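K.L.:
Got a predicted model here, sequence first, then my questions.
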Amino acid sequence: MTDLPVSEAPVDEVLLGVAIAIPQPHATVLTNWRRQVGDPAAELVFPHVTLLPPTPVPADSMDAVEKHLAGAAAAHQPFVMHLAGTGTFRPTSPVVFIQVATGVSDCELLERDVRSGPLERELDFPYHPHVTVAQDIGDAGLDDAYEGLAGFVARFRVERFVLFSRGGDGLWTWRTEFPLGSAVAAADG
């Protein structure tokens, strides 16, 4: 989910995002860095790889959205994600991110299936899986994040993705987890 300015959705709409949440202890490391470089989004956004950016949907379509996401999750198997080093979208956009070194194609396929049906929408930029660690702050903070996290490495198994919703305070709230393919069988067995 990109860290867009808070805008109030009409009462009959819900602002949703879908993402792969970065597990602990990696999430705490990335949040602390985001806080350290002065990014106010550190308090609002859990470290993640976006599968669906902030998207307003009719509140009465939530059952269909959750059914769609359950189907998308079931169609994909768990996979290993390897995060390594930093990248940036500068000068196009003032963003520093952690790169997805392994799991890119898994994310791309999952994103395509998530962003279909009741969640179909156009993107502002081509999909590029990453973990934002600094955005819309001064160059010094962006440079600090880029250099300070250049050696960051994390490997973990992705077994689910999460549906988030954003409140009027800008805080993203963890709403529903959707286990991937055989992760359902492993959880039941």
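P.N.:
Yep, it's here.

K.L.:
lowest-pLDDT helix or strand in the protein?
P.N.:
For the chain, scoring each helix and strand by mean pLDDT, DSSP states H and E identifies helix 181-188 as the least confident one, at a mean of 53.

K.L.:
Secondary structure of residue 53: a helix, I assume?
P.N.:
No - counting by DSSP: H, G, I helix; E, B strand; the rest coil, residue 53 is not found in a helix; it is strand.

K.L.:
secondary structure class for residue 154?
P.N.:
Secondary structure of residue 154, reduced to three states by three-state DSSP: strand.

K.L.:
can you map out the helices along the protein?
P.N.:
Taking DSSP state H as the test, the helices found in the chain are 26-36, 62-74, 104-114, 139-148, 181-188.

K.L.:
Compare these and give me the one nearest residue 172.
P.N.:
Proximity to residue 172, assessed across these by Cβ to Cβ, is greatest for helix 26-36 (12.6 Å). Heads up, the C-betas are built off the backbone N, CA and C, glycines and all.

K.L.:
who touches the closest one?
P.N.:
Contacts of helix 26-36 with the rest of the structure, by Cβ atoms under 8 Å, 6 or more residues apart in numbering, involve 21-22, 41-43, 46-47, 83, 98, 131, 133-134, 144-145, 148-149, 152, 154, 156.

K.L.:
Show me how far that helix is from its chain's centre.
P.N.:
Relative to the mean C-alpha coordinate of its chain, helix 26-36 is positioned 15 Å out (Cα atoms, centre = their mean, to the nearest Å).

K.L.:
tell me the mean pLDDT for it?
P.N.:
Averaging pLDDT along helix 26-36 gives 97.

K.L.:
which of the residues in it are buried?
P.N.:
Buried positions in helix 26-36, judged by neighbour count with 16 or more other Cβ atoms under 10 Å: 26, 27, 29, 30, 31, 33, 34.

K.L.:
same check, this time on stretch 116-135
P.N.:
Of the residues in stretch 116-135, those buried by neighbour count under the rule 16+ other Cβ under 10 Å are 118, 119, 128, 129, 130, 131, 132, 133, 134, 135.

K.L.:
for stretch 39-47, same thing?
P.N.:
For stretch 39-47, burial by neighbour count (16+ other Cβ under 10 Å) applies to 39, 41, 42, 45, 46, 47.

K.L.:
Also stretch 80-93?
P.N.:
Neighbour counts over stretch 80-93 (16+ other Cβ under 10 Å) mark 81, 83, 86, 87, 88 as buried.

K.L.:
List of residues touching that stretch?
P.N.:
With contact meaning Cβ under 8 Å, 6+ apart, stretch 80-93 is reached by 20, 22, 26, 49, 95-103, 106-107, 125, 130-131, 133, 135, 142, 145-147, 149-158.
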